[in-house]
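1. What follows is a predicted structure for the sequence shown.
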Amino acid sequence: MATGMEQFLQVFFEETDEHLATLELLLIGLDLDQPDAETLNGIFRAAHSIKGSSGMFGFDDLTAVTHELETLLDRIRCGQTALHTDMIGVFLEARDVLQRLLDAHRSQVPDPDVPVSATVDRLRAWLAEPVAVAADDGFGLFDGAPAAAENCASDDDTFGFFDDAPGMPETAASSEDFGFFDDAPGAPDVKPVEPYGIFDKAPGAPAAAAVVTAPSEQPKAAPAIAAKPAARTDSESSSIRVSVEKIDSLINLVGELVITQAMLSQLSEDLDPTHFERLQQALAQLEHNTRDLQESVMSIRMLPISFIFSRFPRLVHDTSARLGKQVELILQGEHTELDKSVIEKLSDPLTHIVRNSIDHGIETPAERLAAGKPAQGSVKLAASHQGGSVVVEISDDGRGLSRERILAKAREKGLAVHDGMTDADVWQLIFMPGFSTAEAVTELSGRGVGMDVVRRNIQAMGGRIDIDSAPGMGTRMCIRLPLTLAILDGLIVAVEKVNYVVPLTYIVESLQARADDVRGLAGEESTVIRVRGEYLPLFSLNQLLRIGAAPVPPEQGIVVILESEGKSFALQVDELVGQQQVVIKSLEQNFRRIDGIAGATIMGDGSVALILDVDALPRLAAQGESTHERS
């Protein structure tokens, strides 16, 4: 296939993903009792665009499904066919079939298990229902007709309806008919979860009917549909599609520019300001412009977190339906922006946490009513900017974590726990590998995998996760992440005249130790330091990384208090150099992986400074102690 056609195909795949995501969101949020005309038109437009675009490229399987879907949607929005709860389930199943077909065409690997014929037959079964014909009542008025008829007429002109019989897929289409990927909604791919049933209340929409009826039952009369003008924007003309590779290359070049500017600024410090005043003024202007350019380029990769949040209405809907629970999803801060690379890596951890909230946290309607709660529970996803970080909170109003069950499970697994542990320490136990308090293994939980991977993935992004829970009140998990994985705010420390970077997100405080606060544990090589009445493990950075000679006494150096994986420890360094924003370079891509090192950066003097992997430092210390014991 020609390169030009491949480019058009890529646009088709991306925009069809977006149409499918919009189709799903609008279906889940649709009010069955009083369907909004604009919402119905949006659902129809998404199906219509997919049909037209797929026909242009000869994807007949996609066209066949969307043809039946479009025809049925047209009848509904025109008030000719009543909207059923079961219909929404069929629509969602058709959407999932379309997604599987799209993925198969994109990968060029046929998927013979996609139920195309069965889906077409189910849609045709609804089309076989008699069309509601409005009777003249003498005044020219009938239920829902005027608005519906007007809507259909206007949309028919807009989209260019096809007069062929239902079930006959179209393969030829003109650009006038389809507008070449019109109405791209700009939403990400949404993966299906499980079969469909009762609908939960979607954000911003009234609760849908919870009664599932068979297609053979008599449908209720089509409700009146309020006509609203479809909102159209010209956003396509104000944006362009750029490959991620080009953006990454641009970010890398700007990073090199920032490093070069820092080098020039450091060199200029040795110049006499009386003789080189104009040069220093120019360098100061260069620094200002470089920082502005860096912020502008980084903003290109910034996307709203709604790209992740938009997939959760379907997830909550399907999971709660399977478990027989009523759950409302509340979304806040959807416009909070963070780096595209962070968004991609955040999706899986959030999915697991939300599923856990519904499965373990939210009670059944009967249990909630017995506890004096409303039958419907709630799960809230909220995002906000705090300083240079993004904070994502996942909270529910369920039963909360059980301290007793967690401790009992920990003892059963042979973990060193005791009844005097703080709640925060007990909650951190659920992140242990293989830990699960589920009484039985199900498709959703009970295998003891998940939460340890969640924490590992979040820590790999330079973030942290904290838990707060109260029995009977619910659980809140707070994830704190950097805005981007390309730039890091760090504290520069020195050991043996070599600079290292400690990410600021891990730092609690730094202090000058006193000799009487440092203690060695009897019979062990370990050292602890007393900080405001609490004893913390004390590690020496040059011993952990095996650099230089023996460390100086702690009171002659600087101690940095760090917090990782819910626990605090102290790190001894020789001196503090200062705080700086650094450009992260991958050590694995340019050299090899080193335990305790997360990456590298280039300092203003051209030297390379290693970025510490704070989460790995306690493990390095434990390995060093075990090696010493064996020797």
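-> Received it, and whenever you're ready, just let me know what you need. Residues are numbered from 1 along each chain as shown.
2. Quick one: name whatever helix or strand follows the one helix or strand in the chain whose mean pLDDT sits lowest.
-> Counting by mean pLDDT, DSSP states H and E, the chain has its least confident helix or strand at helix 175-178, which shows a mean of 37. Following helix 175-178 in sequence order, the next helix or strand is helix 244-268 (DSSP states H and E).
3. Next, the buried residues of stretch 500-516.
-> For stretch 500-516, a neighbour-count test (16 or more other Cβ atoms under 10 Å) marks 500-507, 510, 513 as buried. C-beta here means a position set from N, CA and C on the backbone, and glycine is covered the same way.
4. How about stretch 346-362?
-> Of the residues in stretch 346-362, 346, 349-362 count as buried by neighbour count, 16+ other Cβ under 10 Å.
5. Now it: average pLDDT?
-> Stretch 346-362 shows a mean pLDDT of 90.
6. Can I get it in PDB, CA atoms only?
-> Provided in PDB are the C-alpha atoms of stretch 346-362 (Å, rounded to 0.1, in the frame of the first residue of the first chain):
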ATOM      1  CA  LEU A 346      -1.100   5.700  35.000                       C
ATOM      2  CA  SER A 347      -4.000   3.900  33.300                       C
ATOM      3  CA  ASP A 348      -3.400   0.400  34.500                       C
ATOM      4  CA  PRO A 349      -2.800   1.300  38.200                       C
ATOM      5  CA  LEU A 350      -6.000   3.400  38.300                       C
ATOM      6  CA  THR A 351      -8.000   0.600  36.600                       C
ATOM      7  CA  HIS A 352      -6.900  -1.800  39.300                       C
ATOM      8  CA  ILE A 353      -7.700   0.500  42.200                       C
ATOM      9  CA  VAL A 354     -11.100   1.400  40.900                       C
ATOM     10  CA  ARG A 355     -12.000  -2.300  40.400                       C
ATOM     11  CA  ASN A 356     -10.800  -3.000  43.900                       C
ATOM     12  CA  SER A 357     -12.900  -0.100  45.300                       C
ATOM     13  CA  ILE A 358     -16.000  -1.700  43.700                       C
ATOM     14  CA  ASP A 359     -15.200  -5.300  44.500                       C
ATOM     15  CA  HIS A 360     -13.800  -5.000  48.000                       C
ATOM     16  CA  GLY A 361     -15.000  -1.500  49.200                       C
ATOM     17  CA  ILE A 362     -18.500  -0.900  48.000                       C
END
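7. ok, and what's touching it?
-> 308, 311-312, 315-316, 319-320, 323, 325, 327, 368, 377, 379, 381, 392, 394, 396-400, 437-438, 442, 444-445, 450-451, 453-454, 457-458, 461, 474-475, 477, 479, 481 (Cβ atoms under 8 Å, 6 or more residues apart in numbering).
8. one more time with 7 Å, if that's ok
-> Applying Cβ atoms under 7 Å, 6 or more residues apart in numbering, the contact partners of stretch 346-362 are 308, 312, 315-316, 319-320, 323, 325, 327, 377, 379, 394, 396, 398-399, 444-445, 450, 454, 457-458, 474-475, 477.
9. And stretch 375-385, by the same measure?
-> In contact with stretch 375-385 (Cβ under 7 Å, 6+ apart) are residues 305, 309, 312, 316, 325-333, 336, 354, 357-358, 362-363, 365, 368-369, 390-398.
10. circling back to that earlier point, show me the two of the buried residues of stretch 500-516 that sit farthest apart.
-> The distance between the two most remote of the buried residues of stretch 500-516 (Cβ to Cβ) is 23.1 Å, for Thr505 and Ala513.
11. any low-confidence regions in the stretch 151-300 of the chain?
-> Applying pLDDT under 70 to the stretch 151-300 of the chain flags residues 151-239.
12. Once you drop chain neighbours, what's closest to Ile492?
-> Nearest residue to Ile492 in three dimensions, chain neighbours excluded: Val577, at 3.8 Å (Cβ to Cβ, 6 or more residues apart in numbering).
13. Now name the helix or strand holding the one you found.
-> Using DSSP H and E, Val577 falls within strand 575-583.
14. Show me what the very next helix or strand once past that strand is packed against.
-> Using DSSP H and E, the helix or strand that follows strand 575-583 towards the C-terminus is helix 587-590. Counting contacts by 3 or more Cβ pairs under 7 Å, 6 or more residues apart in numbering; DSSP states H and E, helix 587-590 is packed against strand 597-602.
15. What average pLDDT does the strand it packs on get?
-> 86.
16. which other helices and strands contact that strand?
-> When contacts are defined as 3+ Cβ pairs under 7 Å, 6+ apart, strand 597-602 packs onto helix 587-590, strand 608-612.
17. tell me the most buried of those?
-> Stretch with highest mean neighbour count among the helices and strands packed on strand 597-602: strand 608-612 (a mean of 20; mean count of other Cβ atoms under 10 Å).
18. Convert the C-alpha atoms of that one to PDB, please.
-> In PDB, the C-alpha atoms belonging to strand 608-612 read as follows (Å, rounded to 0.1, in the frame of the first residue of the first chain):
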ATOM      1  CA  VAL A 608      27.300  13.800  34.600                       C
ATOM      2  CA  ALA A 609      25.300  13.500  37.900                       C
ATOM      3  CA  LEU A 610      23.500  10.300  38.600                       C
ATOM      4  CA  ILE A 611      19.900  10.400  39.800                       C
ATOM      5  CA  LEU A 612      19.300   8.200  42.800                       C
END
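19. which residues are in contact with that strand?
-> 488, 490, 492, 499-502, 584, 596-603.
20. Give the buried subset of those as a ChimeraX selection command.
-> Selection of buried members from the contacts of strand 608-612 for ChimeraX, criterion 16+ other Cβ under 10 Å:
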select :488,490,492,499,500,501,502,584,596,597,598,599,600,601,602,603
